[in-house]
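> Pasting the sequence and the predicted coordinates here, then a few questions.
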Amino acid sequence: MSTWNDPANGFHPLSAADYLPRARLEEVQLQRLRSTVALAYARVEHFRSRMDERGLTPKDVQTPADLARLPFTVKADLRDTYPFGLLACPMEEVVRLHASSGTTGRPIVVAYTQADIEVWKEVMVRAFASFGVHRGDIIQNAYGYGLFTGGLGAHYGAEALGATVIPISGGNTERQIMVMQDFGATVICCTPSYFLHLVERAVEEKIDFSRMRVGVFGAEPWSEAMRQRIQDDTGVRGYDIYGLSEIIGPGVGAECVHQVGLHLYEDHFFPEIIDPASGAVLPDGSEGELVLTTLSKRAMPMIRYRTRDVTTLIAEPCACGRTLRRIKRIERRSDDMFIIRGVNVFPSQVETALLRVDGTLPHYAIVLTREKGLDDMEVQVEVTAEVFSDKMRALETLHRNLGQELERVLGIRATVTLVEPRTLARSEGKAKRVIDKRKI
Ligand code: DLL
């Protein structure tokens with residue numbers, strides 16, 4: 001069905017799956033949904049026991065509406081089954097592992113069979129094609145390579161598209177700018193905030209952006225104002241790409257050239273929008289939390305995964321002719337996770353790190369700032385009265401230990417500020433830990 005790799009498609013490979021009549025798409029979805037539920041029930045103890053508790057078997061899922069009878073899966077389920085408890089295939093069939101932040105000290109792990117990698121490649125090719133990226137393009141892939149899904153996800157898609165990939169990974173701004181110029185990159189893949197930082201530096205150094213056409217921006221929220229700034233200042237058209245490790249990585253959905261919402265690859269991922277408080281499924285057009293069920297994943301099928309990303313499903317047809325429904329850009333989450341330099345951070349992870357170090361109190365505040373496009377995170381933490389009254393050396397040791405522990409848990413550096421006892425605000429009810437001063 002998918003023709004993205006058919007040479008007869010010519011310069012702009014487009015996938016037939018993007019344009020399926022809705023009725024046909026829904027048939028494909030239903031068939032894949034039923035086999036996913038059957039696979040999860042047969043092979044994954046966690047899903048089987050959750051369904052058994054409700055007296056459900058895979059036969060109870062006959063229509064997409066029946067999906068709402070199944071329990072949700074949440075990040076904590078991946079933590080509790082760490083590392084391989086949700087695998088639906090023998091380990092020998094797993095060809096790749098990735099990981100993402102958990103809510104405490106441990107990451108969550110995701111696994112792929114070769115067939116899963118093929119699906120991932122396919123959706124990434126479809127995303128690149130919908131941005132007008134093609135064979136002949138030179139793609140500077142500045143998403144991080146490694147356990148993060150961004151680097152390798154974009155890489156495999158870009159290669160399968162037939163484009164030239166520069167696997168530069170994240171960071172090292174000087175080198176990014178040099179490569180951008182000397183290799184003549186026409187496309188860049190990175191977080192939108194990092195691109196802003198690159199632009200700031202490049203403008204200072206009078207770098208010419210005229211060869212670069214397209215930016216593939218995702219992994220963190222960004223605004224329409226930010227897109228306009230990028231497009232006006234550089235002439236690079238910025239496209240939004242969405243995804244999450246638990247579902248596959250980048251390529252769950254992507255904009256088309258009209259830039260009016262992200263088309264979801266509904267033949268591989270089944271979306272629902274729910275009320276985050278009650279869990280009730282909401283109709284198209286309502287704002288709520290996006291819940292996704294994978295339709296073709298084999299190593300780690302995911303049933304009704306609560307993404308915590310808040311958006312709206314748009315069913316109206318798009319001018320591009322794709323029949324895939326769209327989601328509005330994701331501006332916020334229904335939990336307290338924030339993203340800094342592309343890394344997901346939960347305040348509970350910060351707390352885990354702080355509590356591992358003696359001499360601190362569980363009172364802290366996290367201040368996020370953005371200077372010249374570069375995000376910074378400051379952790380203000382109250383010290384105990386004994387440490388406070390003690391010698392400078394004790395404070396310095398504490399300061400260093402906190403910095404090291406935070407970096408160990410989060411994988412990124414933070415500025416640590418020690419403050420006097422009883423100086424940070426206490427809140428009644430749910431504590432507000434994060435002070436986000438980043439503008440756009
Ligand atoms: O960020 C995958 C990715 C890589 C997407 C590169 C796009 C480009 P995780 O590290 O698991 O995976 O983080 C997933 O990041 O639940 C959202 O909260 C946020 N996020 C991802 N894309 C967007 C976007 C990758 N386009 C979490 N807009 C998700 C807003 C995004 N938030």
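Nice, thanks for sending it over. Numbering: from 1, shown residues only.
> which helices and strands sit right next to the helix or strand containing Asp52?
In the assignment (DSSP states H and E), Asp52 maps to helix 45-53. Helix 45-53 sits against helix 22-43, with contacts defined as 3 or more CB pairs under 8 Å, 6 or more residues apart in numbering; DSSP states H and E. C-beta coordinates here come from the backbone N, C-alpha and C atoms, glycine included.
> roughly how far out does the helix it packs on sit from the chain middle?
Distance, stretch centre to chain centre, for helix 22-43: 24 Å (CA atoms, centre = their mean, to the nearest Å).
> And the residue of the protein closest to the ligand?
Residue nearest to the ligand within the chain: Gly218 (2.9 Å; CB to the nearest ligand atom).
> On the three-state scheme, the closest residue in space to that residue that isn't next to it in sequence is what?
Leaving aside its chain neighbours, Gly218 sits nearest to Ile241 (3.8 Å; criterion: CB to CB, 6 or more residues apart in numbering). Secondary structure, DSSP: H, G, I helix; E, B strand; the rest coil: Ile241 is strand.
> Quick check: bridge partners of Ile241?
Gly218, Ala254 (DSSP bridges).
> Verify the stated contact: Gly150 with Gly157.
No: using CB atoms under 8 Å, Gly150 is not in contact with Gly157; the gap is 11.1 Å.
> Quickly list the domain ranges of this protein.
Per automatic domain parsing, the domain ranges recorded for the chain read 1-335, 338-439.
> Which of those has the lowest mean pLDDT?
For those, mean pLDDT drops lowest on domain 338-439, to a mean of 88.
> In three-state terms, label Val203 for me.
Looking at Val203 with three-state DSSP, the answer is helix.
> Which parts of the stretch 301-440 of the chain are helices?
Ranges of helices in the stretch 301-440 of the chain, per DSSP state H, counting those that start in this stretch, are 347-355, 385-389, 392-410.
> Just name the most buried of the ones you listed.
helix 347-355 (a mean of 20; mean count of other CB atoms under 10 Å).
> Within range of the ligand, give me the residues from this structure.
Counting by CB under 6 Å from any ligand atom, the chain comes close to the ligand at 100, 143, 149-150, 218-221, 240-245, 249-250, 307, 309, 330, 333, 339, 344.
> which of these count as buried?
100, 143, 149-150, 218-221, 240-245, 249-250, 307, 309, 330, 333, 339, 344 (16 or more other CB atoms under 10 Å).
> can you tell me which of these are in strands?
100, 218, 240-244, 249-250, 307, 309, 333, 339, 344 (DSSP state E).
> now the residues you listed as a markdown table including distance to Thr294?
As requested, those are arranged in a markdown table below (distance: CB to CB, whole Å):
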| residue | distance to Thr294 |
| --- | --- |
| Ser100 | 16 |
| Gly218 | 19 |
| Asp240 | 21 |
| Ile241 | 18 |
| Tyr242 | 15 |
| Gly243 | 12 |
| Leu244 | 11 |
| Gly249 | 12 |
| Pro250 | 15 |
| Thr307 | 12 |
| Asp309 | 16 |
| Arg333 | 20 |
| Ile339 | 22 |
| Asn344 | 20 |
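> Need the max-distance pair from those residues.
Ser100 and Asp240 (19.5 Å; CB to CB).
> ok so, going back, compare the helices of the stretch 301-440 of the chain and report which one is nearest to Ile274.
helix 347-355 (22.7 Å).
> Roughly how far does the spatially most central residue of the chain sit from Thr384?
Centroid-nearest residue in the chain: Leu244, 3.7 Å away (criterion: CA atoms, centre = their mean). Distance of Leu244 to Thr384, given as CB to CB, to the nearest Å: 39 Å.
> Check the secondary structure at Phe128 for me.
helix.
> right, and it touches Ala160 too?
No: using CB under 8 Å, Phe128 is not in contact with Ala160; the gap is 9.0 Å.
> higher neighbour count, these two?
It is Phe128, of Phe128 and Ala160, that has more neighbours when counted by other CB atoms under 10 Å, with 29 against 18.
> show me what contacts the more buried one?
His134, Gly157, Ala158, Leu161, Ala163, Val216 (CB atoms under 8 Å, 6 or more residues apart in numbering).
> Correct me if wrong: the third one contacts Ile139.
Okay, so that is Ala158. Yes: Ala158 lies in contact with Ile139 (CB under 8 Å); the separation is 4.6 Å.
> which neighbours do the two share?
What both Ala158 and Ile139 touch, as defined by CB under 8 Å, 6+ apart, is the set Val133, Val165, Cys189.
> Show me which of the residues you listed is closest to Asp376.
Using CB to CB, those come closest to Asp376 at Cys189, 23.1 Å.
> secondary structure element for the closest one?
Assessed by DSSP H and E, Cys189 sits inside strand 187-190.
> what packs against that strand?
Partner elements for strand 187-190 (3+ CB pairs under 8 Å, 6+ apart): strand 138-141, helix 149-161, helix 192-204, strand 214-218.
> could I get the third one in PDB with only the CA atoms?
C-alpha atoms of helix 192-204 as PDB (Å, rounded to 0.1, in the frame of the first residue of the first chain):
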ATOM      1  CA  PRO A 192      13.300  25.100  17.500                       C
ATOM      2  CA  SER A 193      15.000  26.800  20.500                       C
ATOM      3  CA  TYR A 194      18.400  25.400  19.400                       C
ATOM      4  CA  PHE A 195      17.800  26.800  15.900                       C
ATOM      5  CA  LEU A 196      17.000  30.200  17.400                       C
ATOM      6  CA  HIS A 197      20.400  30.000  19.200                       C
ATOM      7  CA  LEU A 198      22.100  29.000  15.900                       C
ATOM      8  CA  VAL A 199      20.500  31.900  14.200                       C
ATOM      9  CA  GLU A 200      21.600  34.400  16.900                       C
ATOM     10  CA  ARG A 201      25.200  33.200  16.500                       C
ATOM     11  CA  ALA A 202      25.100  33.000  12.800                       C
ATOM     12  CA  VAL A 203      23.700  36.600  12.500                       C
ATOM     13  CA  GLU A 204      26.600  37.800  14.700                       C
END
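> how far off strand 214-218 does that helix point, in degrees?
140 degrees (axes from the mean of the first three to the mean of the last three CA atoms, to 10 degrees).
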